[in-house]
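Colleague: Build me a model:
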Amino acid sequence: MVSAIVHSLLRGETYKSEQIACCSANDGTSEKLSTDTGIARLESVDQMLEKSPRTLVLGCKPQQLSELPLSIAEKTEDCLILSIMAGITLKRLQRSFPKAKNIVRSMPNTPGQIGEGATGYFFLNDPESEDAETIQSILSSLGQTHLLRQEDELDLVTAISGSGPAYLFEFTCALEEAAREIGLDAQIAKELALQTIIGSAKLMENSDFSPQELRNQVTSPNGTTQAALKSFSSDELREIVKRAVTAARNRSIELSNA
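Modeller: Down below sits the predicted model:
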């Protein structure tokens with residue numbers, strides 16, 4: 001996701017490559033990002049903070065937060081912190097960055113890699129206008145943004161847009177598998193499933209009709225689509241989705257309280 005942010009910021013000319021630097025664990029991640037984008041790569045967080053950055057984006061794995069050097073508490077004084085780490089609360093971030101100018105917790109999603117993402121975010125403190133604009137410019141490079149009313153709404157965002165792409169991918173897999181089961185060639189099954197999902201999503205995006213209205217338009221009385229939708233209804237598809245979303249929300253809350 002950090003890579004997606006950097007690529008999007010450069011693509012939209014929000015920042016120039018010389019205005020951005022990165023570092024990572026010793027896993028080759030930052031080396032690749034630097035090579036791909038032309039941004040600077042630094043050996044450590046300490047080295048990065050010696051540059052007195054105005055904004056620090058935290059994209060490490062949640063468990064790596066406790067591995068950061070204690071020196072970051074002093075070196076992030078007056079720094080704007082943006083976290084895209086799942087499950088790490090503002091209270092916990094504030095313990096690591098007690099002197100930060102402000103801290104923002106966000107939940108982007110993977111479609112942000114192509115600028116079609118959805119991100120919810122929340123500030124620890126009411127932001128200055130310049131800081132609000134900075135965060136908006138960074139997160140909007142990934143796509144749609146939503147400033148939330150309270151932090152615990154991030155658990156709800158996680159269950160919908162954060163995990164949501166996986167739900168759609170899983171449904172596409174199920175559609176492809178069903179196509180094969182009824183006798184279609186594997187390649188045709190794959191292509192039909194993918195294009196059906198992609199085309200339908202684009203239609204929803206560009207139509208003035210709601211998803212329910214679009215569904216009704218393709219559903220003829222006593223026709224094939226109605227037969228399929230009746231099967232969905234019998235199997236309580238909407239209840240299945242509600243239970244899945246609730247499970248994702250509950251797990252997000254558990255991770256936040258860990």
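
Colleague: Which residue ranges of the chain form helices?
Modeller: Ranges of helices in the chain, per DSSP state H, are 2-11, 29-37, 45-49, 72-75, 90-96, 129-140, 153-157, 164-181, 186-206, 211-217, 224-234, 237-257.

Colleague: For the residue nearest to P98 when sequence neighbours are not counted, list the residues it contacts.
Modeller: Nearest non-adjacent residue to P98, counting by C-beta to C-beta, 6 or more residues apart in numbering: A73, 5.7 Å away. (Each C-beta comes from the backbone N, C-alpha and C, glycine too.) Contacts were defined as C-beta atoms under 8 Å, 6 or more residues apart in numbering; by that measure A73 touches S96, F97, P98, K99.

Colleague: before we move on, back to that, for L82, find the nearest of the helices of the chain.
Modeller: Proximity of these to L82 was assessed by C-beta to C-beta; the nearest stretch is helix 129-140, lying at 6.2 Å.

Colleague: re the thing from before, and the contacts of A73, which are buried?
Modeller: Restricting these to buried positions leaves S96, F97, with burial counted as 16 or more other C-beta atoms under 10 Å.

Colleague: Distance of F97 relative to S83?
Modeller: Per C-beta to C-beta, to the nearest Å, F97 is found 9 Å from S83.

Colleague: Quickly list what's touching both of those two.
Modeller: Taking C-beta under 8 Å, 6+ apart as the criterion, F97 and S83 both touch I103.

Colleague: Nearest residue to the middle of this protein?
Modeller: If you average the C-alpha coordinates of the chain and look for the closest C-alpha using C-alpha atoms, centre = their mean, you land on N109, 1.7 Å from that point.

Colleague: count of neighbours near the closest residue in space to A118 that isn't next to it in sequence?
Modeller: Counting by C-beta to C-beta, 6+ apart, A118 lies nearest to S161, which is 4.1 Å off, once chain neighbours are set aside. When neighbours are defined as other C-beta atoms under 10 Å, S161 has 22 of them.

Colleague: contacting residues for S161?
Modeller: Shown here is S161, whose contacts under the criterion C-beta under 8 Å, 6+ apart are M107, N109, G117, A118, T119, G120.

Colleague: measure the closest residue to the last one other than its chain neighbours to Q136 for me?
Modeller: It stands for G120. Ranked by C-beta to C-beta, 6+ apart and with sequence neighbours excluded, the top spatial neighbour of G120 is V157, at 3.5 Å. Counting by C-beta to C-beta, the separation of V157 from Q136 is 16 Å.

Colleague: These two: which has the busier surroundings?
Modeller: With other C-beta under 10 Å as the criterion, V157 and Q136 differ in neighbour count, and V157 comes out ahead with 24 against 14.

Colleague: What distance do you get for that one to Q63?
Modeller: For V157, the distance to Q63 equals 22 Å [C-beta to C-beta].

Colleague: What residues of stretch 62-70 count as buried?
Modeller: Under 16+ other C-beta under 10 Å, the buried positions of stretch 62-70 are L65, L68.

Colleague: end-to-end on it?
Modeller: When the termini of stretch 62-70 are compared using C-alpha to C-alpha, to the nearest Å, they are 16 Å apart.

Colleague: what pLDDT does the residue of the chain positioned farthest from its centre get?
Modeller: Relative to the mean C-alpha coordinate of the chain, counting by C-alpha atoms, centre = their mean, the farthest residue is N222 (40.1 Å). We note a pLDDT of 95 for N222 in this prediction.

Colleague: Quick check: it vs T145, distance?
Modeller: Using C-beta to C-beta, one gets 44 Å for the distance from N222 to T145.

Colleague: next one: G87
Modeller: To T145, G87 is 20 Å away according to C-beta to C-beta.

Colleague: do the same with L82
Modeller: 12 Å.

Colleague: Tell me which of these two has more neighbours.
Modeller: Set L82 next to T145 and count neighbours by other C-beta under 10 Å: L82 wins out with 22 against 19.
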